[in-house]
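*Asks:* Sequence unavailable; structure follows:
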């Protein structure tokens, strides 16, 4: 009885988790939950051509019964500059292993916009931990997935906010998958209960979310499951 | 003739200017134009209670005939935490000179969100200069108006972006009014052709933009005009 009371009184740490409904963000959500955080998931309807990912993010949020799931809308098509938010074609059949060149699927400052909203939500909700599924190994050469970028955002965040300046919070950007290969992420996700059948990786899916199987993101996913020696449940 | 040709060929530097339609952002716009920038003004419809500022920003953009003016919409009421985006009352009759405490009109991470969109637009449009009317003198104690914050954002921006990483651009955050008093800003604005009759400062205006005259922002404006020995054209 006393133990229950103590347990009830213990403050649960809150976290904001960026959730797109893909492999990485879904696994990141599972990691945050496994660390005992009370999770507020945050998803963006930003004019992405794969808008159906919003449905996948909702299913993942439901699977894990997260405390809150907020979807914020804004139109990055008004800004453009990416195959994801314009009529530029998504390249097919070209896997990309390194950051030698940044692909046309890069969306200008996207993670900075996403993390800024996460920071606002964290401050308003009294959370100091923000989780993002950024990955610097099997990634797509995006500058805003690199560790030096994430550190710079964190430093900025603590100068930007009332909570940071008054030292009531110290905001931390957690990227638990940063140095994982895609295969390692998939194995971790499976071990934490992620149902990858509910995830979408494709940049150019059909109307019901059928992956194209040829874009860079599909190819990275395919290779990840192969290396993990796990069958992709989306393809079964 | 040759001179005209040369002038036509010279690349005009592009800038993104954050424009709310208040005294500071309107003067900042005028500064950017006076420095020869081709300006893309950016305004946000974010759930602010003084939404009528959108009309003021449009009038200022028209006054200066800026090349482009984009209004982006998103709903910070879904995040809350501020008198500006919730039903918390805007305090009246309390001028605030220093950053001793941060007022309830602070909006969590607002300038970070605004600057993130400006960064996205700058990268997509091939601009490297971003102007913000942040002020660290006659300001409201907001953490995201301080020079150390702006420097941290700039450092982050150059790590966040394709243009920054590939060194095709070096993003700069310009806050030309950072160390100006409100009176100095008003005098500068007048000298650069800002019609302050077209600006709105009030946090809690009437339906047609009539200032309440009692909120912190109204009081700072009133004192600024008085110290500048200029009649506020909104009150004539």
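*Replies:* Perfect, I can see it now. Since this is a predicted model, take the numbers as computed values, not measurements.
*Asks:* Which is the succeeding secondary structure element to the longest helix anywhere in chain A?
*Replies:* When chain A is parsed with DSSP state H, its longest helix is helix A:110-125. Using DSSP states H and E, the helix or strand that follows helix A:110-125 towards the C-terminus is strand A:129-131.
*Asks:* For the residue nearest in space to the middle of chain A, what is the enclosing helix or strand?
*Replies:* Nearest to the mean C-alpha position of chain A, by Cα atoms, centre = their mean, lies residue A:25 at 3.2 Å. Assigned by DSSP H and E, residue A:25 belongs to helix A:23-34.
*Asks:* outside of that helix, which residues touch it?
*Replies:* Defining contact as Cβ atoms under 8 Å, 6 or more residues apart in numbering or on different chains, one finds that helix A:23-34 is touched by A:15, A:17-19, A:39, A:41, A:57, A:60-61, A:64, A:66, A:129, A:131-135, A:174-177, A:182, A:185-186, A:188-189, A:192-194, A:196, A:198-199, A:201, A:221, A:224. (Glycine included, C-beta is placed from N, CA and C.)
*Asks:* Please narrow those to those residing in strands.
*Replies:* A:15, A:17-18, A:39, A:41, A:129, A:131, A:174 (DSSP state E).
*Asks:* Which two among those residues are spaced furthest apart?
*Replies:* Farthest-apart pair in these is A:41 and A:174; separation 14.0 Å (Cβ to Cβ).
*Asks:* Give me the more crowded residue out of these two.
*Replies:* Neighbour count, other Cβ atoms under 10 Å in any protein chain shown: between residue A:41 and residue A:174, residue A:41 has more, with 25 against 20.
*Asks:* and the more buried one, what does it touch?
*Replies:* A:16-19, A:29, A:57, A:61, A:66, A:68-70.
*Asks:* Give me the mean pLDDT for the longest helix of chain A.
*Replies:* Here helix A:110-125 scores 96 as its mean pLDDT.
*Asks:* and it with chain B, contact?
*Replies:* Yes. Interface with chain B: helix A:110-125 contributes A:110-113, A:116-117, A:119-121, A:123-125 (Cβ under 8 Å from any Cβ of the partner chain).
*Asks:* Please look at residue A:119 and residue A:164 and confirm they touch.
*Replies:* No. Applying Cβ atoms under 8 Å, one finds residue A:119 not in contact with residue A:164, separated by 9.1 Å.
*Asks:* what residues do those two have in common as contacts?
*Replies:* A:157, A:171.
*Asks:* Look at the two and report which has more neighbours.
*Replies:* residue A:119 (30 against 24).
*Asks:* Find the nearest non-adjacent residue to the more buried one, please.
*Replies:* Here the nearest residue to residue A:119 in space, its sequence neighbours aside, is residue B:109; by Cβ to Cβ, 6 or more residues apart in numbering or on different chains that works out to 4.4 Å.
*Asks:* three-state assignment of the residue nearest to residue A:38 when sequence neighbours are not counted?
*Replies:* Among residues not flanking residue A:38 along the chain, residue A:12 sits closest, at 4.4 Å (Cβ to Cβ, 6+ apart). Here residue A:12 is recorded as coil under DSSP: H, G, I helix; E, B strand; the rest coil.
*Asks:* And residue A:12, how close does it get to residue A:153?
*Replies:* Distance of residue A:12 to residue A:153, given as Cβ to Cβ, to the nearest Å: 25 Å.
*Asks:* Same check on residue A:159?
*Replies:* Note on residue A:159: its distance to residue A:153, by Cβ to Cβ, is 11 Å.
*Asks:* cool, and residue A:225?
*Replies:* 30 Å.
*Asks:* Who has more neighbours out of these two?
*Replies:* residue A:153 (31 against 20).
*Asks:* What ranges does chain A have for its helices?
*Replies:* Counting by DSSP H, the helices of chain A are A:2-9, A:23-34, A:53-63, A:110-125, A:147-160, A:162-165, A:182-191, A:216-228.
*Asks:* Going by contacts, tell me the helices and strands next to the shortest one.
*Replies:* Counting contacts by 3 or more Cβ pairs under 8 Å, 6 or more residues apart in numbering or on different chains; DSSP states H and E, the secondary-structure elements packed against helix A:162-165 are helix A:147-160.
*Asks:* The helix it packs on close to chain B?
*Replies:* Yes. Counting by Cβ under 8 Å from any Cβ, chain B is contacted by helix A:147-160 at A:148-149, A:152-153, A:155-157, A:159-160.
*Asks:* are any of the residues you listed buried, and which?
*Replies:* Buried by 16 or more other Cβ atoms under 10 Å in any protein chain shown: A:149, A:152-153, A:155-157, A:159-160, out of these.
*Asks:* Provide a list of residues in contact with residue A:71.
*Replies:* Residue A:71 neighbours (Cβ under 8 Å, 6+ apart): A:43-45, A:54, A:57.
*Asks:* Please check the residues you listed and keep the buried ones.
*Replies:* A:43-44, A:54, A:57.
*Asks:* can I get those residues in JSON lines with distance to chain B and pLDDT?
*Replies:* Formatted as JSON lines, the buried ones among the contacts of residue A:71 follow (distance: Cβ to the nearest Cβ, whole Å; pLDDT from 0 to 100):
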{"residue": "A:43", "distance to chain B": "12", "pLDDT": "98"}
{"residue": "A:44", "distance to chain B": "9", "pLDDT": "97"}
{"residue": "A:54", "distance to chain B": "15", "pLDDT": "95"}
{"residue": "A:57", "distance to chain B": "16", "pLDDT": "97"}
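*Asks:* just for chain A, where's the confidence low?
*Replies:* Residue ranges of chain A with pLDDT under 70: A:1-10, A:94-100, A:138-140.
*Asks:* change it to 90
*Replies:* A:1-12, A:49-50, A:80-107, A:136-143, A:162-169, A:216, A:234-236 (pLDDT under 90).
*Asks:* Just the buried residues of stretch A:193-210, please?
*Replies:* In stretch A:193-210, counting by 16+ other Cβ under 10 Å, buried: A:194, A:196, A:198-205, A:209.
*Asks:* next one: stretch A:211-223
*Replies:* With the criterion 16+ other Cβ under 10 Å, stretch A:211-223 contains buried residues A:211, A:214-223.
*Asks:* And for stretch A:27-41?
*Replies:* A:27-33, A:37-41.
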